[in-house]
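Visitor: just need the structure, nothing else, for what follows:
(one chain, ligands or ions: 1)
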Amino acid sequence: MRALYSRSARGSVSDLGEKALIRRIARWLGAASPKAPAGMGDDCAVLAPARGRELLTIDPVIAGVHFDGKVSPGDAGSKLVKRNLSDIAAMGGAPRAAVIALALDPRVSVAWLEAFMKGAARESRRHHVPIVGGDVASLPGGFVATLALTGEAAGRAVTRTGARAGDWIYVTGVLGRSLETGHHHAFRPRLAEGAWLAGRREVRSMMDVSDGLAKDLASLAPRGCVPALVEGAVPRRKGASLKEALGDGEDYELVFTLDKGAGRADFEAAWGRAFPSVRLSRIGSFVAVGAPPAGAVRLSDLKGYEHLRQA
Ligand SMILES: [Mg+2]
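Guide: Now for the predicted structure:
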């Protein structure tokens, strides 16, 4: 596995210098990076206006936080693009264009960075998202790559608010043990699924599961309501406990709520036709505080991932 830092000055980004590094980055990105004015090489990239609602999101990958030495640089680069794609998917949108800001230690290896950027380029080509610009800055002692991504929602953008008491809660895929299994970088963002769900009026709210289902569900809860989950209905990754399925982060699945008055069976059958190989689980519903039905899972001791809280 390539190491993040070069052992000698030769082979490090400081040896290359900023101008040459930027030329290299453009070369590594290849077809993922159009020419100015639509891409790299001017003060800004110039984009055509979106046809629908415009979406904008930003997320970094940080060495030692979002990846470590067990993750290849190519996988770390592809994760940078995919975790942003997952946020666009969570609104029911389609991605449009990205910019990347790198903050890196001068000792970062050129070979490592090449593999990282090529991983990002591969993912951006796969989803037809040009990388239209960026920035390079020095960060002694670390490596942070931040990607900002625009997207558009053809119809409505599905937000986190909109669920009502009694609405059903659904989740795609399986949950838990993302870190241990490599899912945190190997996942496929649920773009097609998110866009399809946005087209279904009975879907009232949606988000992606990044901090752990227990914590993320709180963001979807209508005022005065809590999620009441059925233990056996929570889809677990192989080997994951219920606690891991609810509390681990970085699942990058979609969790959404369905109008309690809608035709649930019709909806589930339509999903099965549209995405026959993607598991969909109805895991519970939102109920009034203090009225959890018998057998509902208690979420109070499962906090999910808190970004700024000390352990
Ligand atoms: Mg998100």
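
Visitor: helix or strand for the closest residue to the ion within the stretch 101-250 of the chain, which one?
Guide: Sorted by distance to the ion under C-beta to the ion, the residues of the stretch 101-250 of the chain start with residue 208, at 4.3 Å. Any C-beta I mention is one placed from the backbone N, CA and C, and that applies to glycine too. When elements are assigned from DSSP states H and E, residue 208 belongs to strand 203-209.

Visitor: on that earlier part again, residue contacts, the closest residue in space to the residue of the stretch 101-250 of the chain closest to the ion that isn't next to it in sequence?
Guide: On the basis of C-beta to C-beta, 6 or more residues apart in numbering, the spatially nearest residue to residue 208 that is not a chain neighbour turns out to be residue 90, at 3.9 Å. Contacts were defined as C-beta atoms under 8 Å, 6 or more residues apart in numbering; by that measure residue 90 touches 158, 194, 206-208, 254.

Visitor: same question for residue 176.
Guide: With contact taken as C-beta under 8 Å, 6+ apart, residue 176 is in contact with 236-237, 240-241, 244-246, 248, 251.

Visitor: out of the residues you listed, which one has the weakest pLDDT?
Guide: Of all those, residue 248 carries the smallest pLDDT score, 92.

Visitor: quick check, pLDDT for the closest residue to that one other than its chain neighbours.
Guide: Using C-beta to C-beta, 6+ apart and skipping the chain neighbours, the partner closest in space to residue 248 is residue 176 (5.0 Å). Note for residue 176: predicted pLDDT of 97.

Visitor: next one: the one 5 residues further on
Guide: The predicted structure scores residue 181 at 96 on the pLDDT scale.

Visitor: need phi/psi at it.
Guide: As for residue 181, its main-chain torsions (degrees, to the nearest 10) stand at phi -100, psi -10.

Visitor: for the stretch 51-200 of the chain, which residues are neighbours of the ion?
Guide: If contacts are counted using C-beta under 5 Å from the ion, the residues of the stretch 51-200 of the chain sitting beside the ion are residue 87.

Visitor: which residue does the stretch 51-200 of the chain have closest to the ion?
Guide: Shortest the stretch 51-200 of the chain-to-the ion distance, computed as C-beta to the ion: residue-wise this is residue 87, at 4.4 Å.

Visitor: residues contacting that residue?
Guide: Residues counted as contacts of residue 87 (C-beta under 8 Å, 6+ apart) are 57, 59, 149, 208.

Visitor: most neighbours out of the residues you listed, which is it?
Guide: Comparing those on neighbour count, residue 149 comes out first with 27 neighbours (neighbours: other C-beta atoms under 10 Å).

Visitor: show me what that one is bridged to.
Guide: residue 57, residue 98 (DSSP bridges).

Visitor: please report how far it lies from residue 124.
Guide: Taking C-beta to C-beta, to the nearest Å as the measure, residue 149 falls 10 Å from residue 124.

Visitor: same thing with residue 260?
Guide: Residue 260 sits 39 Å away from residue 124, taking C-beta to C-beta as the criterion.

Visitor: between the two, which one's more packed in?
Guide: residue 124 (28 against 16).

Visitor: list the contacts for that one?
Guide: Here residue 124 is in contact with 29, 32, 81, 98, 130-131 (C-beta under 8 Å, 6+ apart).

Visitor: which parts of the helix or strand encompassing residue 180 are buried?
Guide: Of the helices and strands defined by DSSP H and E, residue 180 is found in helix 178-181. The neighbour-count check on helix 178-181 (16 or more other C-beta atoms under 10 Å) flags residue 178 as buried.
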